[in-house]
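*Asks:* structure for this input, please:
(2 chains)
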Amino acid sequence: MTEPIARPRRKNPILRTRQPILPPWRRSRVALGMTAAAAEGRFELQVCHACGTTQYPPREACVRCLSMALQWRERSGAGELLAQTLLQHSHDEYFRERVPWRLGMVKLDDGPTVVVHLHGDVPAPSARVRVGARLDKAGMAVLVGFPDEDVPNMADDRQLREMTCDPKFRKALVTDGKTATGQALVRALAAAGADIIWVGYAEPWKKLPGLEELGELPQVTLLPLELTDARSVRELAAQIGGKVDILVNNAEHHRAHGIASRHGTDVAQAEMEINYFGMLRLAQEFGPAMRSRGADGQSSAVAWVNLLSIFALSSFPAHGTFSASKAAAHSLSQCLRTEMRPGGVRVINVFPGPIDDEWNQSLPPPKLSPEALARAVVGALQDGIEDVYPGDVAQEWRARWQESPKVLERELALA
Amino acid sequence: MNGPSRRAGYDDIAVAVPVTIPYQRYSIRGAHWWLARALAELLAAAGLAKQDVDGACVSSFLLFPDTAVGLMQHLGLSPRWLDHVPMGGASAVVALRRAARAVQSGDASIVACLAGDTNHVDSFRHTVASFSQFARDAVYPYGSGGPNASFAFLTDYYMRAFGARREDFGKLCVAQRANAASFPHALLRKPLTMADYLDARPIADPLRLFDCVMPCAGAEAFLVMSADRARQLGLPYARVLATIERHNAFPDDPIQMRGGWALDRDELYAQAAVGPADVDFLQAYDDYPVITLMQIEDLGFCEKGAGAAFVRQHEFTVEGSFPLNTSGGQLSVGQAGAAGGYLGLVEALRQLTGRPLGRPVPGARIGLVSGFGMINYDRGLCSGAALLAGGGA
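*Replies:* Here you go, the predicted structure:
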């Protein structure tokens, strides 16, 4: 059974911080389909539309009937462990630092035999196994063999923790503690075992409910942070930037306007100042230090979370300038994701539908509660998911967008 | 339903001039250098000029970005028949098959079969990382153990399925090391004891150090021509009795416990009109001992799963009851990339023509050479075997 991990000791400042190295990241284009599904937390393999054969490794044509109609479909992952090994030697720098490393060969009930990273709690062959896909440090999907039934401390498995961003014993920064969403995020991170949670708050002269109570949590330290002010961001980074393992950028400015409903650009600029430039300032000040700490022991820097919006995918005209700022932020986050990749730090984008807060007051339900949003964020960290669409509205829009962005554009125009 | 087509025999085909370029653990030369030396040695030993060789067949992992074509310009050869066989451990048997047919049909009269690779300090890692699309997508990101990890799975499964013990694999490794003692080109000649084998450094459970082949640089070569031509040239030769090859056999087996030999061995023995009992020695592909056991089974020396019992009943030294890998095999000589697939065939030629570099197999008349290659994903895809007979001179 997995030994629960212990709170890390204070870092010895004399020792060199281990530099991040990525596991092998090259894949064929067709194999990236597995990564696309794993990024959203699904285990998908190619299934032949013509004959139903499940394929692995990823192929260009069906191994059985040669049909080109291979579709990525969710699979159960149930299977039997055929063989295992404990690797003591590796040709790759990443694994060389991490051996011994447990691997398995699993016969899936769906057909193919797969090579997996084998969780430490899977019994010896021929045990039943559940195979799932996870993103590794390189951000590429890999298969993991899990024990057939959950066991205590599963998430603490040394190999699995390389593929997740579990908040347990990690230090997090939540950029805005004044909103209901921010406060729910802080409480959820605390409940998930985060060691220290720094909570930013802007405009201290504006008292908003809940912040002081939040500051009474033992893990929480409140710190002033103005995302509109480069100096404020820099000062905070100088103070804690070398220790942040998880950065949750939840600060946002949200007004319900299109183009004609308000004269001038001040609201749109204010939205961009927080939603786009705020992220850019944070990324410039916190990004490099986090990226350099991607392999810093058990509690390394692991994740950067952006609170975007489902409106980032396609404009909701009634909140048109907000949608545009989130679209800009989404685009920037993709750049950030690439730049954080060498450190193995995952950029997690959260695309909620309307959150049940004052700025969406006039929108009809269903709306996403701040608590549900926070649960989804912590769940994504624990499962290592990269793109999160929490709540029914986000899921539905996501599905419509995936089917046809143009149709969705027309639908939103009528909304 | 019609069965497979009937294959013509190999009447009058000679395999001659076994060449081994002494191996080195690491080399600063390129693969071309090793292949050039092999060709030069072939010509010198046969007393031929370059223009006498009108066919060539090349195997090499590290020739890239060249193929056999580029090598021809590199070496100044103008063959009228050329083949490139990228089949790893099955390369020699496959090259022999191709070359024999070329000679029989008159497409070429003398074919130089060449295999060679270099080994820089870091080249094996690159070979493993980009071995195949399936390996890159679905194996290398999992610990990057290379063939060690793949054969660890097969060994782990085999031991459990058939009750084999580490000592059974160890007996093969120890015997091969004893064979290597008299083979001048073997890189590993220090005697190996069973205790050494069992207590060696763990590599990938259940494999330990002496289960794993050692990458090195080297080259191997031989000539294929008509027996008439060989006699004219005064070259001792072996005759080809029968050959088989198979790729991606038994794709529905969830894990590899047999290779293509099991599918084709009846044809092999029928074509040669001999049986396993007539075989005087076996040169098996041996990058890891589990695959040697599989070949012993699949080539009909015992039932599937009885390999361990077979090992316990036999001695595998040159003078033993079942001479195996009489040069020491790759596990003692080293694995010079694609030349590893040639090692057994070239050694068989020496034994069958009565010119072994090491100890002779007493009374060797018929040798069986087996090849196995290309762990594309979870199993070796290529298998081949050739039955050769001595006595040609």
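*Asks:* so which residues of the stretch 101-250 of chain A form strands?
*Replies:* A:101-108, A:113-118, A:128-135, A:141-147, A:171-174, A:196-201, A:220-224, A:246-249 (DSSP state E, counting those that start in this stretch).
*Asks:* check chain B too.
*Replies:* Secondary structure of chain B by DSSP state E: the strands cover B:13-24, B:55-59, B:81-84, B:110-117, B:202-204, B:207-208, B:217-226, B:237-247, B:281-283, B:366-375, B:380-392.
*Asks:* would you list these in a markdown table and tack on distance to residue A:410 and mean neighbour count?
*Replies:* To be clear about C-beta, it is placed using only N, CA and C from the backbone, and glycine gets the same treatment. Output for these, formatted as a markdown table (distance: least, CB to CB, whole Å; neighbours: other CB atoms under 10 Å in any protein chain shown):
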| stretch | distance to residue A:410 | mean neighbour count |
| --- | --- | --- |
| strand B:13-24 | 70 | 24 |
| strand B:55-59 | 60 | 29 |
| strand B:81-84 | 56 | 19 |
| strand B:110-117 | 61 | 30 |
| strand B:202-204 | 57 | 22 |
| strand B:207-208 | 61 | 26 |
| strand B:217-226 | 66 | 29 |
| strand B:237-247 | 53 | 23 |
| strand B:281-283 | 71 | 26 |
| strand B:366-375 | 52 | 27 |
| strand B:380-392 | 52 | 25 |
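*Asks:* weakest of the ones you listed in terms of mean pLDDT?
*Replies:* Here the strands of chain B differ in mean pLDDT, and the lowest is strand B:380-392 at a mean of 93.
*Asks:* only alpha carbons, please: show that one as PDB.
*Replies:* Only the C-alpha atoms of strand B:380-392 are listed here, as PDB (Å, rounded to 0.1, in the frame of the first residue of the first chain):
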ATOM      1  CA  GLY B 380       9.700  -9.000 -32.100                       C
ATOM      2  CA  LEU B 381       8.100  -9.000 -35.500                       C
ATOM      3  CA  CYS B 382      10.600 -10.700 -37.800                       C
ATOM      4  CA  SER B 383      11.600 -14.300 -37.500                       C
ATOM      5  CA  GLY B 384      13.600 -16.400 -39.900                       C
ATOM      6  CA  ALA B 385      15.600 -19.600 -40.000                       C
ATOM      7  CA  ALA B 386      18.000 -21.300 -42.400                       C
ATOM      8  CA  LEU B 387      19.200 -24.900 -42.400                       C
ATOM      9  CA  LEU B 388      22.700 -25.100 -43.900                       C
ATOM     10  CA  ALA B 389      24.900 -28.100 -44.700                       C
ATOM     11  CA  GLY B 390      28.600 -28.300 -44.900                       C
ATOM     12  CA  GLY B 391      30.700 -30.400 -47.200                       C
ATOM     13  CA  GLY B 392      30.900 -28.000 -50.100                       C
END
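*Asks:* return the most buried member of the strands of the stretch 101-250 of chain A.
*Replies:* Highest mean neighbour count among the strands of the stretch 101-250 of chain A (mean count of other CB atoms under 10 Å in any protein chain shown): strand A:246-249, with a mean of 28.
*Asks:* just the CA atoms of that strand, as CSV, please.
*Replies:* Only the C-alpha atoms of strand A:246-249 are listed here, as CSV (Å, rounded to 0.1, in the frame of the first residue of the first chain):
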residue,chain,number,x,y,z
ILE,A,246,0.4,26.3,-7.8
LEU,A,247,-0.7,29.6,-9.1
VAL,A,248,-4.5,30.1,-9.4
ASN,A,249,-5.2,33.2,-11.4
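*Asks:* other residues contacting it?
*Replies:* Residues outside strand A:246-249 that contact it (CB atoms under 8 Å, 6 or more residues apart in numbering or on different chains) are A:165, A:167, A:170-175, A:185, A:189, A:194, A:278-279, A:282, A:286, A:290, A:301-307, A:377, A:381.
*Asks:* how far does it sit from the chain's center?
*Replies:* Here strand A:246-249 is found 10 Å from its chain centre; the criterion is CA atoms, centre = their mean, to the nearest Å.
*Asks:* can you list the strands that it pairs with?
*Replies:* The pairing partners recorded for strand A:246-249 under DSSP bridges are strand A:171-174 (parallel), strand A:303-307 (parallel).
*Asks:* for residue A:243, find the nearest of the ones you listed.
*Replies:* With respect to residue A:243, and counting by CB to CB, the nearest of the strands paired with strand A:246-249 is strand A:171-174 at 5.3 Å.
*Asks:* contact partners for residue A:308?
*Replies:* Contacts were defined as CB under 8 Å, 6+ apart; by that measure residue A:308 touches A:326, A:329, A:330, A:333, A:349, A:350, A:351.
*Asks:* I should have written residue B:162 there, sorry.
*Replies:* Per CB under 8 Å, 6+ apart, neighbours of residue B:162: B:305, B:306, B:307, B:308.
*Asks:* ok, now how distant is the last one from residue B:289?
*Replies:* Remark: distance between residue B:308 and residue B:289 (CB to CB, to the nearest Å) = 11 Å.
*Asks:* helices of the stretch 1-150 of chain A, start to end?
*Replies:* Remark: helices assigned in the stretch 1-150 of chain A by DSSP state H, counting those that start in this stretch are A:32-38, A:93-96.
*Asks:* these: which one's closest to residue A:157?
*Replies:* Going by CB to CB, the one of the helices of the stretch 1-150 of chain A nearest residue A:157 is helix A:93-96, 15.9 Å.
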